[in-house]
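*Asks:* Sequence first, then the predicted structure, then my questions.
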Amino acid sequence: MNLRKLIFTNNACYKAGRTITPKGIMVHSTGANNPWLRRYVGPDDGLLGKNQYNNHWNQDRPDGRQVCVHGFIGKLADGSIATYQTLPWNHRGWHAGGTANDTHISFEICEDNLTDAVYFNKIYNEAVELCAYLCKLYGLNETNIICHSEGYRQGIASNHADVMHWFPRHGKNMDMFRTDVKKLLVDVKPDPAPPTEDTLYRVRKSWDDPKSQKGAFRVLDNAKRCADENPGYSVFDSTGAKVYSGKNGAAYEIYTVVKGDSLWRIASAKLGSGFRYPEIKMLNGLTSDTIFPGQKLKIPK
Ligand SMILES: [Zn+2]
């Protein structure tokens, strides 16, 4: 939800200054082909764009009528969707033409020509999120949400068709709307994964040698440490795949230095290139290049 605020302080409804204890939410749609928020919300805040007719609802009697709602959903100047709060949520609005004004928070969805599915899906989701937000704010739930036409049938609003002249054109109705709000009200708490054998990392010489197992760990790093401490051991996941070879995993052979040897010559003979002699130094912890006959060196495999 892209919720913004531009309170209609010039509207006679705002100036009337009455508050309510919200008991529900009434969903309206404007009944005119004009999806732009600037038609109803103004003056321009830099996002709405300019209403060249200056006929937005932030004036005493918009279009000569006593009318005001708590919010609008529609398009910003850049075509993206936003919600504007236009009255304090607990202000008494003039939206229902009935007693719902005393109990319901109201918002208008800006209608387009009612055929654009992309626009509809965006404003539908925005409205669902707004209702979930308001429910949480006032301790309401999805059963407290009705549209204007439902309010008429309940005898608390005037005879208007919104929003049921529009939603069904895109496969939606108010029951589906309420269900979608309910989904957002349910705190999703994923079940903590129960620890099972499947999550263990095993340290063995080989997967096929279970008797060699040094341990089984839930934390991979702990399994790696164990493998490092036990030359020749590796870490296997639950499928038997080797996920780590210990640093000391017998990844070397022992070579005994003979007279005339140098690290360069040994690297050249054993590793295929004299340039690899630093690997021998590192593996054996040598600080100088000096070696002597009879010395046993680890040679990387
Ligand atoms: Zn209405």
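*Replies:* That came in fine, so what should we check first? Numbers count the residues shown, from 1 in each chain.
*Asks:* per-residue pLDDT, P210?
*Replies:* We note a pLDDT of 89 for P210 in this prediction.
*Asks:* And it, its phi and psi?
*Replies:* phi -60, psi -30 (degrees, to the nearest 10).
*Asks:* do the same with G93
*Replies:* G93 adopts backbone torsions of phi -90, psi 170, taken as degrees, to the nearest 10.
*Asks:* could you list every residue that touches the closest residue to it other than its chain neighbours?
*Replies:* Distances taken as Cβ to Cβ, 6 or more residues apart in numbering put S106 closest to G93, at 4.9 Å, once the chain neighbours are dropped. Just so you know, the C-beta spots here come from the backbone N, C-alpha and C atoms, and that holds for glycine as well. Neighbouring residues of S106 by Cβ atoms under 8 Å, 6 or more residues apart in numbering: 25-28, 69-71, 93, 95-96, 100.
*Asks:* now the strands for the stretch 101-250 of the chain?
*Replies:* For the stretch 101-250 of the chain, the strands defined by DSSP state E, counting those that start in this stretch occupy 104-109, 145-147, 201-204, 215-217, 234-236, 242-245.
*Asks:* Spell out which parts of this protein neighbour the ion.
*Replies:* Residues of the chain lying near the ion by Cβ under 5 Å from the ion: 28, 148, 160, 162.
*Asks:* want to try a markdown table for those residues, with pLDDT and neighbour count as columns?
*Replies:* Below are the residues of the chain next to the ion laid out as a markdown table (pLDDT from 0 to 100; neighbours: other Cβ atoms under 10 Å):
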| residue | pLDDT | neighbour count |
| --- | --- | --- |
| H28 | 98 | 23 |
| H148 | 98 | 27 |
| H160 | 96 | 18 |
| D162 | 97 | 21 |
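*Asks:* Among those, which pair sits farthest apart?
*Replies:* Using Cβ to Cβ, the pair of the residues of the chain next to the ion lying farthest apart is H28 and H160, separated by 7.8 Å.
*Asks:* V27: what secondary structure?
*Replies:* strand (DSSP: H, G, I helix; E, B strand; the rest coil).
*Asks:* For it, which non-adjacent residue is spatially closest?
*Replies:* V27's closest residue in space is C147 (Cβ to Cβ, 6+ apart), at 4.5 Å.
*Asks:* dump the residue contacts of the one you found.
*Replies:* 26-28, 162-164, 174, 177.
*Asks:* Just among those residues, which is most surrounded?
*Replies:* Per-residue neighbour counts (other Cβ atoms under 10 Å) across the contacts of C147 peak at M26, which has 28 neighbours.
*Asks:* any common contacting residues for H28 and H160?
*Replies:* H148.
*Asks:* Look at T196 and report its pLDDT.
*Replies:* pLDDT for T196: 52.
*Asks:* pLDDT averaged over the lengthiest helix in the chain, what's the number?
*Replies:* Longest helix of the chain, by residue count under DSSP state H: helix 117-138. What helix 117-138 shows for mean pLDDT is 97.
*Asks:* That one: how far from the chain's middle?
*Replies:* How far helix 117-138 lies from its chain's middle: 16 Å, per Cα atoms, centre = their mean, to the nearest Å.
*Asks:* and the helix or strand of the chain with the lowest mean pLDDT, which strands flank it?
*Replies:* Least confident helix or strand, the chain: strand 242-245 with a mean of 83, by mean pLDDT, DSSP states H and E. Within its sheet, and counting by DSSP bridges, strand 242-245 is paired with strand 234-236 (antiparallel).
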